[in-house]
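1. build me a model:
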Amino acid sequence: MVNDIVQETGTLRVLRAEVPVSATLHVWLKAVTPDAPGTMAFILGGDKIGEVQVGNAEEYVFRTFIANSGGDLSCVYDTATTAVSVAYFFNAAEVVENGITVMHTSTANAPAPVPHGYHFRPPFGWMNDPNGFGRFGGRPHLFYQHYSHGLRWNTMHWGHAVSQDYIHWHHMPIFLFPSEDLTARPDRRGGAFSGSAIPIENEGGIRVFFTEQVIDRIPEAQVQLTATSHNIITASQAEVILPSRPTGLGLTLDFRDPYVVKGPDGLWKMVLGSLSQQGGVILLYETDDPVAAGDWRFAGTLLLEERFGTAVIECPCLLPLDGPAEAPETRWGLIYGLMNSTHADTGRKNLTLIAVGHFDGVRFLTDFEQELDFGTDNYAFQAFVDGDTPVGIGWLANWADVSLTIDFPTAMTLPRELLLQDDAILTPPVAAAASLRRGVIDETRLAAGETVGLATGAVEIGLELSSPGAPFVLHFDHPDVALAVRLDAEGLSILYEPPGLDARPGAETTPRYIARGARPSSLTIFLDAGSIEVFADHGRWAGTKRIEGFEPVRSVRLEAIEGYVTSGRIFTLKL
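-> Alright, predicted model coming up:
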């Protein structure tokens, strides 16, 4: 990130960067008042090569400019008339390899101050659900819900990043933009909501599917759109493919988050989330169109979730788990989030479930189900089959904690494999997570009960137990929250108390983040600024918890009967 203002003369500001030949600039600016336009001039080699203007004084407006010649570029604007939110540049031929270079962010949308963090975070602004997660052009791509100009949810765009290994990411240009009407004001009326992506076979590029929300649109606030991209940098003009909900089901206005996958009958299938009077529902559509561009028809309700009342299903995801889609014996996973759900026993909110069973193209017959994560801060989980292995990623947060009046910077979880073993789903981190290790902090002191300092707080902790379920408590010293991992006769827990918790009788209590009955023999725990992820028995039980703020855990101490923990290792991690 350049982010370098090199000249301040009165109200004049200059952003400078050494740009390559044919550099594309993306800038967002707005007028300070309606009386004068916001203006940015581009100067290269002492000559003015262009200028952009905007008249909107309510919201930042996107403008693009191409500098045909490379060199020392100055972007000049006057703060008396012009406010700038974001500026970055890239070379289209090299952006997949190198990513964008950010020249400027503001204090309102600045990236999180986590120099040692290794989880995926956006280069600026707000982020929530992963979208369009897949391998395209030989590389993993991650799209995500994004708002550029603040750290609170607002008008939704799609951000974009590309990787070689799911761990190290290059930031790409903003991929999907809402309509001009929706971006005219920061009024949270909607935008390009969540969805998925598939490759365009024999052509290269991708086709994306997403929900467009316009909150005051009648009769449908949410409709489904598709767009294509052959350069995987920018998307074409989107077209409506599902303009309305299916009738006769008593559905609410919730009708969103299309996930598209090739079914066992060779047809493209689409699952969407909604809510009926009986409970949350997953709707199934299909098409005979070989490129999935249109002719989608409603095929029925794939799942009805009645246990959580008014919990609307979000971000459904359907994929084969242990074999090719066309094989009748292949078992499939149906993953979904339950917005507004509350677990009666523990108080945890917005659960994510996975049902495992057989899918014949029309019906899904469940063999078993489980919670995807007992910590619940692994939401909107989206997965696809990469080669022979299902891989997924989630939003490391929970809507129960989000405030529209408080900045809420978030991250994505570590990417995880989905492994079907007997009648359980294991979700261990992808193998490339081991590439984060930069050295061993400790191999003896933790297991001996000593306090071990963690320096940056970005660490991986591995524990081996003498027998399944051998009890222990792992205490973490954090400056702002009470944090621990405990294994006892009841199960495996993340103990978390946020700052300012009201301990008076009758006050609302913190949810219990527990996997009841878990009796693991080994655990791997990833700590980062703002998060803890627990993987027990290779991900047979996984728990993810967002930690408020950016302060790292300072030290760790093990409490256990001698001999119960046979090994404890701590690795320092770094991207």
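2. look up the closest residue to residue 518, ignoring the ones flanking it.
-> In space, and not counting its chain neighbours, residue 518 is closest to residue 492: 3.9 Å by Cβ to Cβ, 6 or more residues apart in numbering. C-beta here means a position set from N, CA and C on the backbone, and glycine is covered the same way.
3. what bridges to that neighbour?
-> Beta-bridge partners of residue 492, counted by DSSP bridges, are residue 487, residue 515.
4. the host helix or strand of residue 300: which residues count as buried?
-> Residue 300 belongs to strand 297-305 when assigned by DSSP states H and E. Across strand 297-305, burial judged by 16 or more other Cβ atoms under 10 Å covers 298-299, 301-303, 305.
5. now the angle from the helix or strand following that strand to strand 297-305?
-> Next helix or strand after strand 297-305 toward the C-terminus (DSSP H and E): strand 312-320. Between strand 312-320 and strand 297-305, the angle comes out at 110 degrees (axes from the mean of the first three to the mean of the last three Cα atoms, to 10 degrees).
6. strand 312-320 - contacts with which helices or strands?
-> In this structure, strand 312-320 packs against strand 255-262, strand 268-275, strand 280-287, strand 297-305, strand 332-339, strand 379-386, strand 389-396, with contacts taken as 3 or more Cβ pairs under 8 Å, 6 or more residues apart in numbering; DSSP states H and E.
7. isn't residue 219 right next to residue 244, touching?
-> Yes - if you go by Cβ atoms under 8 Å, residue 219 and residue 244 touch, sitting 7.4 Å apart.
8. these two - which one has more neighbours?
-> Legend: neighbour count by other Cβ atoms under 10 Å for residue 219 and residue 244, higher for residue 244 (12 against 8).
9. name the element the more buried one belongs to?
-> Under DSSP H and E, no helix or strand contains residue 244.
10. I figured it hits residue 221, correct?
-> No - taking contacts as Cβ under 8 Å, residue 244 lies outside contact range of residue 221: 10.9 Å.
11. residue contacts, residue 96?
-> For residue 96, the contact set (Cβ atoms under 8 Å, 6 or more residues apart in numbering) comprises 137, 139, 162, 170, 172, 232.
12. swap the cut-off to 10 Å and go again
-> 90, 136-139, 141, 162, 170, 172, 231-233 (Cβ atoms under 10 Å, 6 or more residues apart in numbering).
13. where does it fall, helix, sheet strand or coil?
-> helix (DSSP: H, G, I helix; E, B strand; the rest coil).
14. so for it, what's the pLDDT?
-> At residue 96, the pLDDT value in this model is 95.
15. please report the distance of it from residue 26.
-> Look at residue 96 and residue 26: by Cβ to Cβ, to the nearest Å, they are 16 Å apart.
16. hmm, back to that, out of the helices and strands packed on strand 312-320, which comes closest to residue 44?
-> strand 389-396 (39.6 Å; Cβ to Cβ).
17. which residues touch residue 62?
-> The contact partners of residue 62, taken as Cβ under 10 Å, 6+ apart, are 26-29, 52, 54, 85-86, 148, 157, 174, 177, 180, 183.
18. identify the farthest-apart pair in those residues.
-> Using Cβ to Cβ, those span at most 19.0 Å, a distance reached by 52 and 157.
19. does the nearest residue to residue 443 once chain neighbours are set aside sit in a helix or strand, and which one?
-> Once flanking residues are discounted, residue 443 sits nearest to residue 569: 5.3 Å by Cβ to Cβ, 6+ apart. Assigned by DSSP H and E, residue 569 belongs to strand 565-573.
20. strand partners (parallel or antiparallel) of that strand?
-> Strand 565-573 has these strand partners (DSSP bridges): strand 437-442 (antiparallel), strand 459-465 (antiparallel).
21. average pLDDT for the longest one?
-> In this case it means strand 459-465. 98.
22. now swap in stretch 490-501 and tell me
-> 90.
23. do stretch 421-435 as well
-> According to the model, stretch 421-435 has a mean pLDDT of 97.
24. list the buried ones in that stretch?
-> 425-430, 433.
25. ditto for stretch 548-558
-> Result for stretch 548-558 [16+ other Cβ under 10 Å]: buried residues 552-553, 556-558.
26. next one: the nearest residue to residue 490 once chain neighbours are set aside from residue 67, what distance?
-> Nearest residue to residue 490 in three dimensions, chain neighbours excluded: residue 516, at 6.4 Å (Cβ to Cβ, 6+ apart). Using Cβ to Cβ, we find residue 516 at a distance of 59 Å from residue 67.
27. more crowded one of the two?
-> Shown here are residue 516 and residue 67; by other Cβ under 10 Å, residue 67 has more neighbours (19 against 13).
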